[in-house]
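> Below: sequence and its predicted model.
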2 protein chains.
Amino acid sequence: MARIRNFYAGPAALPTEVLEEARDELLEFAGCGVSVLETSHRSKEFDQVHNDAIGLVKELIGLDDSYHVLLLQGGASMQFALVPMNFLPEGGSADYIVTGAWSQKAVKEARGIGNVRIAADSESDGVFTAIPKQDQLDLDSGAAYCHLTSNNTIFGTQWSAFPDTGGVPIVADMSSDILSYRFDPKPFGLIYAGAQKNLGPSGVTLVIVRQDMLDRCSGSLPTMLSYKTHADKNSLYNTPPSFGIYLMNKVLNWIKRNGGVDGIEKINAEKAKRLYDAIDDSDGFYRNSISAGDRSKMNVVFRLPNEDLEKQFVAEGLAVGLVGIKGHRSVGGIRVSIYNANRLDAVEEIVSFMNNFSEKKR
Amino acid sequence: MARIRNFYAGPAALPTEVLEEARDELLEFAGCGVSVLETSHRSKEFDQVHNDAIGLVKELIGLDDSYHVLLLQGGASMQFALVPMNFLPEGGSADYIVTGAWSQKAVKEARGIGNVRIAADSESDGVFTAIPKQDQLDLDSGAAYCHLTSNNTIFGTQWSAFPDTGGVPIVADMSSDILSYRFDPKPFGLIYAGAQKNLGPSGVTLVIVRQDMLDRCSGSLPTMLSYKTHADKNSLYNTPPSFGIYLMNKVLNWIKRNGGVDGIEKINAEKAKRLYDAIDDSDGFYRNSISAGDRSKMNVVFRLPNEDLEKQFVAEGLAVGLVGIKGHRSVGGIRVSIYNANRLDAVEEIVSFMNNFSEKKR
């Protein structure tokens, strides 16, 4: 059976080359006689994998030495709690910009820990179809940080330019679009991302944290819940998720070989354009109601004339090898996730399927 | 190059069959066209892997329906904090039995959260060479729980029979000997284990928790730090470490094919006997000072006449393909870790090496 076109929202498609490399090395890597799955995290072979992955993140994003790159566990959901536990002091307050279900969850966890101000909330009748503009933000210049979600996997929106927070450090959940475009990291105090969309498999969480934030970490946290522990120990305080880090290393190298972030960004723009064109040129058969500048380049969501046609779309797509295109269970419809590892040929295939389907069913 | 004999303390040797299966399926598993590394954690194929792994843990250990099996992240070090955060109420107290470096770390985290009583501490001049006997335990019948470490990887000791806590739930760190022998789970309120020794790769943490403990969980915890969240959501509150769970599933099936826990226990006893016999029959060339009944069947630690000979032992061992036999950096000496996946032939090989080495260097 030919490899399927995988449009899952995460865990998501990985580059075939990466999977092939991992397969070929699965019983022995780095000429050391054992699998990376069974080598000590203190071995020199793993140490190189680990440090190279960290170095590649710095290089690809263009981080200066004020940033620490941590490779942790627990996913973005764990960071929803760790961010306020580490950085929201008693009596202080943090700004949250709410643009979808994930930022709502981040707010919920932060409220359990300290004072939260909502700097903007783009919800309207239970859905989120826009990203707030600068003049719609009610920012607190004294906030400990300003939290945002860079891309919203469920509603299909994405920040095209980050807000000016006037020096308040931005804390961003970039789980679903990290390393898919170039951005200036300087305004960011902390960035976190579950690996399972653009970076590797599930089970590894990338955290990028600026030194001045670490200096402000709460001193009374359990060891494992403090970002300072992991920065001080180069993410090796305890046994890391080593196979996930090894695969992330391979994905980062694959990004580098494919033109780095700039090369990837160019392809991602083209992929998204093809899909949105197919929607916009369908005479209303496919509908996406996101404001033009706020459309996600990672998760393209759309509706068909009715739910029955949506079911047919998913079933007929599956029959021709297009997997993972059902919308999130909370909103329905169709979602086509096109992270870095999904290349133009996969997008061309689903666009062609969309055109055939709408012609047939119109 | 022939596969090396891997005696790492963790991440540690995995069954070769498991690695081969994973390799053969790495680009496509369960006939679904995609890799397990890139399938949704909500797909029916992953759901089966996940639920089968949970079912196998229950079956192999013999857990009744009052126990929940959770597959989490963060390692044992994370549980050091989560256990008291969940179960140590304000004004209450928990008993800790200290038998090595890992239980010391568990105590340190618990002290940051609530009242800790030391029910026993077998440290003597900085080392731990024994497990406390029942009459050496100063147990509090009102304790919220009694914490112990079942096997001590650094000092090479292991509980051969668990203490009678008079109904106080035992909470055990079984990271390094889970599923290596049969035991009665009934006195245990919670068991946790990082997977990377006897269960699979690093990045998955097995937690077994009894319903009555869940009923006592603190209600004010961040969502991800509450055992109740993970029990309520069958460990799928957020994206799980899916590849680690998939490999754990394969290791559990391998245990089942190899006679289950009883079959594994028999082999483990024989493996340990061979190594301790080699030590005890060496006329003092190899020395292990652990009380006979407290010797670990998982981590066999010993010293040579001097550090120079220990260095030679490690280097010459490596030269003939025996990897990972250097003692923990905090104590020095030699450590041979013989978890489930290290079979008798591997032990025979190192015993033969030990005999040759001592003859040559005596």
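Yes, it's here.
> Next one: stretch A:320-333, is it in contact with chain B?
Yes - against chain B, stretch A:320-333 shows contacts by CB under 8 Å from any CB of the partner chain at A:Gly321, A:Val323, A:Gly324. C-betas here are computed from N, CA, C, even on glycine.
> Redo those residues as a markdown table? Include neighbour count, secondary structure and pLDDT.
As requested, those are exported to a markdown table (neighbours: other CB atoms under 10 Å in any protein chain shown; DSSP: H, G, I helix; E, B strand; the rest coil; pLDDT from 0 to 100):
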| residue | neighbour count | secondary structure | pLDDT |
| --- | --- | --- | --- |
| A:Gly321 | 15 | coil | 95 |
| A:Val323 | 21 | strand | 95 |
| A:Gly324 | 26 | coil | 95 |
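> Return the closest of those residues with respect to A:Ser77.
Closest approach to A:Ser77 among the residues of stretch A:320-333 next to chain B (CB to CB): A:Gly324, at 20.7 Å.
> re earlier: just the residues of stretch A:320-333 next to chain B now: which is nearest A:Val171?
The nearest one, if we look at the residues of stretch A:320-333 next to chain B relative to A:Val171 and count by CB to CB, is A:Gly324, at 29.3 Å.
> The closest one - nearest residue in space that isn't next to it in sequence?
Nearest residue to A:Gly324, sequence neighbours excluded (CB to CB, 6 or more residues apart in numbering or on different chains): A:Tyr8, at 3.4 Å.
> That neighbour: what's it in contact with?
By CB atoms under 8 Å, 6 or more residues apart in numbering or on different chains, the contact set of A:Tyr8 is A:Val323, A:Gly324, A:Ser337, B:Val34, B:Glu38, B:Thr39, B:Ser40, B:Ser43.
> pLDDT (mean, whole number) over the helix or strand encompassing A:Val336?
For A:Val336, the element it lies in under DSSP states H and E is strand A:334-337. The average pLDDT within strand A:334-337 is 98.
> and A:Tyr246, what element?
Counting by DSSP H and E, A:Tyr246 is part of helix A:242-257.
> Return the alpha-carbon coordinates of that helix using PDB.
The C-alpha trace of helix A:242-257 is given here as PDB (Å, rounded to 0.1, in the frame of the first residue of the first chain):
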ATOM      1  CA  SER A 242      15.600  10.400  24.600                       C
ATOM      2  CA  PHE A 243      14.000   8.900  21.500                       C
ATOM      3  CA  GLY A 244      11.800  11.900  21.000                       C
ATOM      4  CA  ILE A 245      14.800  14.200  21.200                       C
ATOM      5  CA  TYR A 246      16.700  12.000  18.800                       C
ATOM      6  CA  LEU A 247      13.800  12.200  16.200                       C
ATOM      7  CA  MET A 248      13.500  16.000  16.800                       C
ATOM      8  CA  ASN A 249      17.200  16.300  16.000                       C
ATOM      9  CA  LYS A 250      16.500  14.500  12.700                       C
ATOM     10  CA  VAL A 251      13.500  16.800  11.900                       C
ATOM     11  CA  LEU A 252      15.600  19.900  12.700                       C
ATOM     12  CA  ASN A 253      18.300  18.600  10.300                       C
ATOM     13  CA  TRP A 254      15.700  18.000   7.700                       C
ATOM     14  CA  ILE A 255      14.400  21.600   8.100                       C
ATOM     15  CA  LYS A 256      18.000  22.800   7.700                       C
ATOM     16  CA  ARG A 257      18.500  20.800   4.500                       C
END
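> coming back round to it: following the chain past the strand holding A:Val336, name the next helix or strand.
helix A:344-361.
> Would that following helix count as contacting chain B?
No - no part of helix A:344-361 sits near chain B under the criterion CB under 8 Å from any CB; the closest distance found is 12.1 Å.
> buried stuff in that helix?
By neighbour count on 16 or more other CB atoms under 10 Å in any protein chain shown, the buried set for helix A:344-361 is A:Ala346, A:Val347, A:Ile350, A:Val351, A:Phe353, A:Met354, A:Phe357, A:Ser358.
> Over to stretch A:34-46?
A:Val34, A:Ser35, A:Val36, A:Leu37, A:Glu38, A:Thr39, A:Ser40, A:His41, A:Arg42, A:Ser43, A:Glu45, A:Phe46.
> give me the subset of these touching chain B.
Restricting those to those within reach of chain B (CB under 8 Å from any CB) leaves A:Val34, A:Ser35, A:Leu37, A:Glu38, A:Thr39, A:Ser40, A:His41, A:Ser43.
> pLDDT of the host helix or strand of A:Lys311, averaged?
Using DSSP H and E, A:Lys311 falls within helix A:307-319. Across helix A:307-319, the average pLDDT comes to 97.
> CA atoms only for it, dumped as CSV, please.
Written as CSV, here are the backbone C-alpha positions of helix A:307-319 (Å, rounded to 0.1, in the frame of the first residue of the first chain):
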residue,chain,number,x,y,z
GLU,A,307,-22.9,17.8,7.5
ASP,A,308,-23.9,14.9,5.4
LEU,A,309,-21.6,16.1,2.6
GLU,A,310,-18.9,16.6,5.2
LYS,A,311,-19.2,13.0,6.2
GLN,A,312,-19.0,11.9,2.6
PHE,A,313,-16.0,14.1,2.1
VAL,A,314,-14.2,12.5,5.0
ALA,A,315,-15.1,9.0,3.9
GLU,A,316,-14.3,9.4,0.2
GLY,A,317,-11.1,11.2,1.2
LEU,A,318,-10.1,8.2,3.3
ALA,A,319,-10.9,5.8,0.5
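> Can you tell me which residue of the stretch 51-200 of chain A sits closest to chain B?
In the stretch 51-200 of chain A, the residue that lies nearest chain B is A:Ala81 (3.5 Å; CB to the nearest CB).
> Tell me where the stretch 101-250 of chain A has helices.
Ranges of helices in the stretch 101-250 of chain A, per DSSP state H, counting those that start in this stretch, are A:101-111, A:211-214, A:227-232, A:242-257.
> out of those helices, deepest packed?
Among the helices of the stretch 101-250 of chain A, the stretch with the highest mean neighbour count (mean count of other CB atoms under 10 Å in any protein chain shown) is helix A:242-257, at a mean of 23.
> Export the helices of the stretch 101-250 of chain A as CSV, with columns for distance to B:Asn249 and mean pLDDT.
Output for the helices of the stretch 101-250 of chain A, formatted as CSV (distance: least, CB to CB, whole Å; pLDDT from 0 to 100):
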stretch, distance to B:Asn249, mean pLDDT
helix A:101-111, 29, 98
helix A:211-214, 38, 98
helix A:227-232, 29, 98
helix A:242-257, 15, 98
